[in-house]
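what's the 3D shape of this:
(one chain, ligands or ions: 1)
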Amino acid sequence: MKQVTVMSLFVYYTDGQLTKSTPPSNLNMVPADPSNWCNHICKLLIDQKIVTPPRKEGSQGPKQVANPIIAGYTLILPSLPEHYLLYKRKRANGSTDYYLYGHGSGKPFDRPAYFVPHVKYLLGLSGGQCTCKLCA
Ligand SMILES: [Zn+2]
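Numbering: from 1, shown residues only. The predicted model follows:
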């Protein structure tokens, strides 16, 4: 039987702002269940590699190594950071777009992948500088 080590990841530090966590009313969005986003964020975090610089001048390019903090775990993210709220909107063609509000810029994250650098920043895994699209 394969042994699975589960790590529950709770984002204690949040910069989510309640005043920024609702979309403009003219966009016709409704609240969405964030569990799919949480699962997706976990998968992306597990896949994230740390890039280490080459050891010597002229040696091969940066080496990608597994993130030692989350390597070997099955991650569970029980909830999004506080004051981040997910909304959805149906398109005319039937597909659904998702938008995560709460960032101080007032702009939403529209893909889990775009939110991952911000989650890493909130978890203290990015050296104090956020590289997400909305902070950059
Ligand atoms: Zn950010």
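
Get me the contact residues on this protein for the ion.
In this structure, the chain approaches the ion at residues 118, 130, 132, 135, judged by C-beta under 5 Å from the ion. Backbone N, C-alpha and C define where each C-beta goes, glycine included.

Most neighbours of all the residues you listed, which one?
The most crowded member of the residues of the chain next to the ion is H118, carrying 26 neighbours; neighbours defined as other C-beta atoms under 10 Å.

re the thing from before, got the residues of the chain next to the ion as a markdown table, with secondary structure and pLDDT columns?
A markdown table is the format used below for the residues of the chain next to the ion (DSSP: H, G, I helix; E, B strand; the rest coil; pLDDT from 0 to 100):
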| residue | secondary structure | pLDDT |
| --- | --- | --- |
| H118 | helix | 96 |
| C130 | coil | 94 |
| C132 | coil | 96 |
| C135 | coil | 96 |
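
lowest-confidence helix or strand of the protein?
The weakest-scoring helix or strand in the chain, judged by mean pLDDT, DSSP states H and E, is strand 49-52 (a mean of 75).

Show me what it is packed up against.
Applying 3 or more C-beta pairs under 8 Å, 6 or more residues apart in numbering; DSSP states H and E, one finds that strand 49-52 contacts strand 63-66.

I'd like to know which elements the strand it packs on is packed against.
Where contact means 3+ C-beta pairs under 8 Å, 6+ apart, strand 63-66 is packed against strand 49-52.
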